[in-house]
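*Asks:* What would the 3D arrangement of this be:
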Amino acid sequence: MGDVFPGPDLPFGMAQWSPDTSHPAEGGGYSASSTDITGFSLTHMSGPGCKSGGDVPVLPTVGAVSPSAHDAFRHSQQSATAGYYSVRLANGTGVQLTATTRTGLADFTFPAGRRGNLIFKLNGGQNGDSAVTFRLDSPTEVQGSVTSRGMSCGEPSRYRLFFDMRFSRPARGHGTFGSTGLHPQARALSAAAPQLAGNVGAYVTFAAGPPVLAKVGISYVSVANAAANLTTEDPVWSFSAVRSAAEAQWNALLSKIAITGGSRSQQIVFYTALYHSLLAPSTFSDDNGQYTGADGGVHSVGTGQPAEYTNFSGWDIYRTQAQLEALLDPAAASAAAQSMLNAYRQTGMLPKWQAYGRETYVAAGDPADAILADYYAFGARGFDASAALAAMIQQATTPGNVRPGLSYLEDLGYLPQNASYGCCNFHGPVSTTLEYGTDDFAISALAGALGDTADQAAFRTRAHDWHSLLNPSSGLMQPRLIDGSWRPHFSPTAGTGFLEGDSWQYTGMVPFDIAGLAAAKGGRAAMTRYLSKVLAGFLRGETGSVANLANEPSIELPWEYDYLGKPYDTQRTVRTIQDRLWRDAPDGIPGNDDLGAMSAWFVWSALGMYPITPGTATLTLGSPLFNRAVIDLPSGASLQIIGSGAGPRHPYVRSATWNSAAWTRAYAPAAAITSGGILDFKLAGSPDRGWAASRADAPPSYGA
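*Replies:* Presented below is the predicted three-dimensional model:
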């Protein structure tokens with residue numbers, strides 16, 4: 001369900017050598033319902049929701065070479081931990097995989113006495129390939145490249161991946177294959193469409209003997225850089241050493257949140273979610289600092305920037321993952337922010353949904369604004385924030401591909417349903433209007449943090465265009481026409497005007513001014529009735545009369561009770577979502593994980609808080625899932641979250657203290673993520689309807 005992959009990766013890594021199954025999940029390449037592996041490819045994304053990566057599948061076989069080979073496996077004969085994967089195939093071959101940031105290492109143990117093969121399915125990427133190359137440099141080294149067609153959703157996003165693979169013992173045979181069959185002893189291959197019909201690739205064979213170790217470096221710049229990455233990051237032949245180093249790197253990052261209490265399954269779900277939250281964005285530059293820029297040219301990272309990053313699932317990660325990334329690894333978040341600025345300097349555009357260095361224009365809005373402001377608010381300060389703000393303002397005020405329909409927004413205060421937007425994978429005028437408002441508020445928040453009071457005020461006011469789409473008759477966000485009239489035949493359960501949702505799910509999407517939204521809907525009671533209606537059920541598809549808590553447009557809704565004097569409803573609803581939708585099972589991630597966005601939601605919710613207001617450090621409160629969580633903060637201090645009485649049927653907060661003093665607000669203290677402290681909740685099986693119930697206790701809302 002999560003569309004994730006089980007193979008090894010490092011935090012924000014470049015290489016993901018992972019199995020692909022015959023019935024793949026898109027992006028992740030792996031389906032838990034499949035029992036057939038088609039290859040182990042070098043690149044994957046974690047839950048993107050459409051086909052991507054899967055470059056250079058390599059399949060170990062025995063006996064005669066077959067370009068279309070695949071092999072069965074039993075799920076009981078595979079294992080996966082952070083930085084390691086293993087499986088035994090039906091042909092008797094044991095496969096172990098581990099990784100460094102830019103390389104992968106495999107142990108192929110062929111059956112005793114049998115010749116083994118490695119089949120390179122060069123045109124086997126998830127979206128196919130428009131060109132491939134391969135060369136056998138020596139019996140212990142092969143090199144090549146593939147030109148991928150990029151992501152299957154959004155605009156074309158072609159990229160070229162280079163690889164250099166070396167073997168621990170020499171191959172005894174080799175060849176290529178294509179539409180004209182096998183070509184034994186061929187040492188090189190170069191093919192482009194339309195020659196890539198059918199199976200195109202190469203193979204090497206090994207005599208019976210000890211395991212074959214294969215290590216591979218990848219690069220998006222050149223074969224030479226791929227080889228240099230391999231030499232730099234994996235210079236010796238030691239599977240155990242590389243695996244241990246990968247595990248140590250993961251332990252160092254995952255242990256920044258230490259939990260105690262809860263069930264074993266809850267602990268597994270929590271750390272699995274934390275792991276998935278820290279896979280992307282992905283390293284894109286080589287060890288020498290070079291990378292292929294958004295303009296297609298070769299660039300080098302600047303002084304002080306540890307790496308260039310790519311794979312920004314903007315519409316998703318601005319809600320949850322960017323904040324968590326900044327809190328736990330501010331250096332990586334700062335480098336990611338600088339990477340976004342680099343893309344802007346190269347193309348005049350901050351990324352919306354960037355895949356492998358190319359813009360895809362997937363989804364709605366201008367999410368770079370919220371991501372950059374979120375990074376800054378949660379402690380990532382190692383990037384040029386003033387330059388970021390200038391870029392954000394320029395994009396927000398210049399008609400073009402980044403904000404289609406900007407002229408309509410300036411003239412009418414909304415994007416009309418019957419207008420022509422003409423470019424860039426435009427999605428839903430109602431949802432896009434709401435997204436632009438969120439983006440504008442993020443600009444306002446960053447401007448305020450940097451002392452730019454004029455732009456803070458201007459963009460805060462502009463963020464409130466949502467008023468133009470809230471129909472006072474229905475109390476719902478509705479599509480509107482150019483002449484100002486409401487689109488006829490409106491249905492709140494129809495997707496017309498919305499991206500991956502409908503009016504029921506989007507009406508609450510004013511995350512910076514819930515109090516203002518409640519007032520516009522007729523008051524707190526009216527807003528409560530709306531939330532109770534839409535949160536009466538979950539996971540019923542992208543459209544319908546209830547929330548889809550497996551998808552981003554709905555995930556903030558449970559936290560909005562905090563603004564209405566009903567934090568106990570937030571506590572109850574969030575716990576119900578955790579219990580029903582998140583499980584220690586193959587289908588335990590609801591919906592696409594979207595590069596960690598959904599997993600980060602679970603991490604925040606299990607800690608008892610949620611970063612609802614873009615560009616600010618406001619954390620609305622739920623209730624902690626565990627007895628204790630200790631978060632190591634960038635300042636060197638720690639934040640302790642104590643759930644006294646936490647248990648399966650104890651979601652309700654009866655009282656709370658902050659550093660031993662009574663805490664009665666429905667949001668965390670401002671110092672929680674900076675200087676740290678102890679937030680202690682007393683939990684029970686029934687609510688205290690008076691705790692954090694006054695208007696003064698609600699999280700801050702920001703009116704026009």
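
*Asks:* Please list all residues in contact with the residue nearest to residue 68 when sequence neighbours are not counted.
*Replies:* With sequence-adjacent residues excluded and distances taken as Cβ to Cβ, 6 or more residues apart in numbering, residue 68 is closest to residue 199, at 5.5 Å. In this view, the C-beta of every residue, glycine as well, is placed from N, C-alpha and C. Shown in contact with residue 199 (Cβ atoms under 8 Å, 6 or more residues apart in numbering): 67, 68, 121, 123, 124, 177, 178.

*Asks:* Specify which member of the residues you listed is nearest to residue 518.
*Replies:* Of all those, the one with the least separation from residue 518 (Cβ to Cβ) is residue 124, at 52.7 Å.

*Asks:* Distance of the closest one relative to residue 38?
*Replies:* 7 Å (Cβ to Cβ, to the nearest Å).

*Asks:* Which one of those two is surrounded by more residues?
*Replies:* The neighbour count for residue 124 versus residue 38, taken as other Cβ atoms under 10 Å, is higher for residue 124 (25 against 22).

*Asks:* quick one on the thing from earlier: what do residue 124 and residue 38 both touch?
*Replies:* Counting by Cβ under 8 Å, 6+ apart, the residues touching both residue 124 and residue 38 are residue 57.

*Asks:* What does residue 215 show for phi and psi?
*Replies:* phi -120, psi 140 (degrees, to the nearest 10).

*Asks:* hang on, the earlier thing: got phi/psi on the residue nearest to residue 68?
*Replies:* Dihedral angles for residue 199 - degrees, to the nearest 10 - are phi -90, psi 120.

*Asks:* next one: the one 4 residues further on
*Replies:* Dihedral angles phi and psi of residue 203 (degrees, to the nearest 10) take the values phi -150, psi 160.

*Asks:* Please enumerate the strands of the stretch 451-600 of the chain.
*Replies:* 470-471, 476-477 (DSSP state E, counting those that start in this stretch).

*Asks:* I'd like the distance from the last one to the chain centre, please.
*Replies:* The chain centroid and the centroid of strand 476-477 are separated by 29 Å, computed with Cα atoms, centre = their mean, to the nearest Å.

*Asks:* Could you find the closest non-adjacent residue to residue 49?
*Replies:* Closest to residue 49 by Cβ to Cβ, 6+ apart is residue 592, at 3.9 Å.

*Asks:* Roughly how far does residue 591 sit from residue 699?
*Replies:* 26 Å.

*Asks:* More neighbours: these two, which one.
*Replies:* residue 699 (24 against 21).

*Asks:* List the beta-bridge partners for the closest residue in space to the more buried one that isn't next to it in sequence.
*Replies:* Of all residues not flanking residue 699 in the chain, residue 667 sits nearest, at 3.9 Å (Cβ to Cβ, 6+ apart). Beta-bridge pairing of residue 667, defined through DSSP bridges, involves residue 620.

*Asks:* residue contacts, residue 589?
*Replies:* Taking Cβ under 8 Å, 6+ apart, one finds 1, 2, 4, 47, 273, 276, 582, 598, 599 in contact with residue 589.

*Asks:* secondary structure class for the fifth one?
*Replies:* Think residue 273. Under DSSP: H, G, I helix; E, B strand; the rest coil, residue 273 falls in the helix class.

*Asks:* From the chain's centroid, how far away is stretch 258-267?
*Replies:* 24 Å.

*Asks:* and it, which residues are buried?
*Replies:* 259, 261, 262, 266, 267 (16 or more other Cβ atoms under 10 Å).

*Asks:* Tell me the helix or strand right after the helix or strand hosting the fourth one.
*Replies:* Just to be clear, that refers to residue 266. According to DSSP states H and E, residue 266 maps onto helix 264-277. Downstream of helix 264-277, the next assigned helix or strand under DSSP H and E is strand 282-283.

*Asks:* pLDDT (mean, whole number) over that next one?
*Replies:* In this model, strand 282-283 carries a mean pLDDT of 98.

*Asks:* Now do that strand: everything it contacts.
*Replies:* 12, 13, 14, 45, 101, 102, 307, 308, 309, 310, 311.

*Asks:* Just the ones in strands from those, please.
*Replies:* Judged by DSSP state E, those include 309, 310 as members of strands.

*Asks:* Give me the buried entries from the contacts of strand 282-283.
*Replies:* The neighbour-count criterion (16+ other Cβ under 10 Å) marks 12, 13, 14, 45, 101, 102, 307, 308, 309, 310, 311 among the contacts of strand 282-283 as buried.

*Asks:* Return the closest of those with respect to residue 448.
*Replies:* Nearest member of the buried ones among the contacts of strand 282-283 to residue 448, counting by Cβ to Cβ, is residue 309, at 26.5 Å.

*Asks:* correct me, but that closest one touches residue 284?
*Replies:* Yes. Counting by Cβ atoms under 8 Å, residue 309 touches residue 284, with 5.8 Å between them.

*Asks:* Common neighbours of those two, please.
*Replies:* residue 339.

*Asks:* Residue 176 contacts residue 190, doesn't it?
*Replies:* No. Using Cβ under 8 Å, residue 176 is not in contact with residue 190; the gap is 9.9 Å.

*Asks:* For these two, indicate the residue with more neighbours.
*Replies:* For residue 176 versus residue 190, neighbours defined as other Cβ under 10 Å are more numerous around residue 176 (24 against 13).

*Asks:* Which helix or strand contains the more buried one?
*Replies:* Counting by DSSP H and E, residue 176 is part of strand 173-178.

*Asks:* what helices or strands is that strand leaning on?
*Replies:* strand 181-184, strand 188-192, strand 201-206 (3 or more Cβ pairs under 8 Å, 6 or more residues apart in numbering; DSSP states H and E).
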